[in-house]
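S.K.: below is the structure, and that's it, no one-letter string:
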């Protein structure tokens, strides 16, 4: 089973709202990722967790707050977002926590976020 | 520094004809190359990867890719295109310096006409 699930599928929020995106995998992977993807553009890496510890933060604004409560779950907490943050947010996981270059990332279907 | 280029924004092919989606790369160490496909409003699906060994890599859904070190290319191919292959294709690269970062190309949109 190479499935990564994400909820919700769609989210509309105002600039003053607080919401969370959720990601789950049961493949025993120990690295999990958040990407942001604008229409017709490649995914942009936001955060990487390895063994539930934040490994990479690609200078993402603090209005995005990641959390990895256990090895299967990854959350992205959203607060005071801007309309330009509207995008598809993708979660991914990979098996090798060392970030081995040969490792394959498996992606979830994404959450389509619209900020009004 | 790592980089990957997909020189074509769009590729058009008739159903039943062979298709090629081009990718070139630049890395400082040994290259590890990936192809992903994305259907509308969906996540990326892994197609295949090159790590080492045979330069012709076979992947999912009848796709294959040819690694050419001298030309620093990793073109995606399929002998007979299907309408259902129409999607956005991303080439991606890592090198052997380690780390979690994958560099994605800009993407190529493939249209297969019936």
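M.R.: Done, it's in. Nothing here was measured: the structure is a model prediction, and the numbers come from that model.
S.K.: host element of the nearest residue to residue B:102 once chain neighbours are set aside?
M.R.: Sequence neighbours aside, residue B:92 is the residue nearest to residue B:102 in space, at 5.0 Å (criterion: CB to CB, 6 or more residues apart in numbering or on different chains). All C-beta atoms are positioned from the backbone trio N, CA, C, and that covers glycine. According to DSSP states H and E, residue B:92 maps onto strand B:87-95.
S.K.: give me the distance from that strand to the chain's centre.
M.R.: Its chain's C-alpha centre and that of strand B:87-95 lie 5 Å apart, by CA atoms, centre = their mean, to the nearest Å.
S.K.: name the helices or strands packed onto that strand?
M.R.: strand B:3-5, strand B:31-38, strand B:73-78, strand B:103-104, strand B:108-113 (3 or more CB pairs under 8 Å, 6 or more residues apart in numbering or on different chains; DSSP states H and E).
S.K.: 7 Å - rerun?
M.R.: strand B:3-5, strand B:31-38, strand B:103-104, strand B:108-113 (3 or more CB pairs under 7 Å, 6 or more residues apart in numbering or on different chains; DSSP states H and E).
S.K.: get me the contact residues on chain A for chain B.
M.R.: A:31, A:40, A:42-43, A:45, A:48, A:55-56, A:90, A:99, A:101-102, A:104-110, A:112 (CB under 7 Å from any CB of the partner chain).
S.K.: just the buried ones from those, in ChimeraX syntax?
M.R.: Per 16 or more other CB atoms under 10 Å in any protein chain shown, the buried members of these correspond to this ChimeraX selection:
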select /A:31,42,43,45,48,55,56,90,99,101,104,105,106,107,108,109,110,112
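S.K.: mark which of the residues of chain A next to chain B are part of strands, please.
M.R.: Among the residues of chain A next to chain B, the residues falling in strands (DSSP state E) are A:31, A:45, A:48, A:55, A:56, A:90, A:106, A:107, A:112.
S.K.: save these as JSON lines, and put in distance to residue B:36 and pLDDT too.
M.R.: Compiled in JSON lines, those are given as follows (distance: CB to CB, whole Å; pLDDT from 0 to 100):
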{"residue": "A:31", "distance to residue B:36": "17", "pLDDT": "91"}
{"residue": "A:45", "distance to residue B:36": "14", "pLDDT": "92"}
{"residue": "A:48", "distance to residue B:36": "17", "pLDDT": "92"}
{"residue": "A:55", "distance to residue B:36": "22", "pLDDT": "86"}
{"residue": "A:56", "distance to residue B:36": "20", "pLDDT": "84"}
{"residue": "A:90", "distance to residue B:36": "11", "pLDDT": "96"}
{"residue": "A:106", "distance to residue B:36": "10", "pLDDT": "93"}
{"residue": "A:107", "distance to residue B:36": "8", "pLDDT": "95"}
{"residue": "A:112", "distance to residue B:36": "19", "pLDDT": "96"}
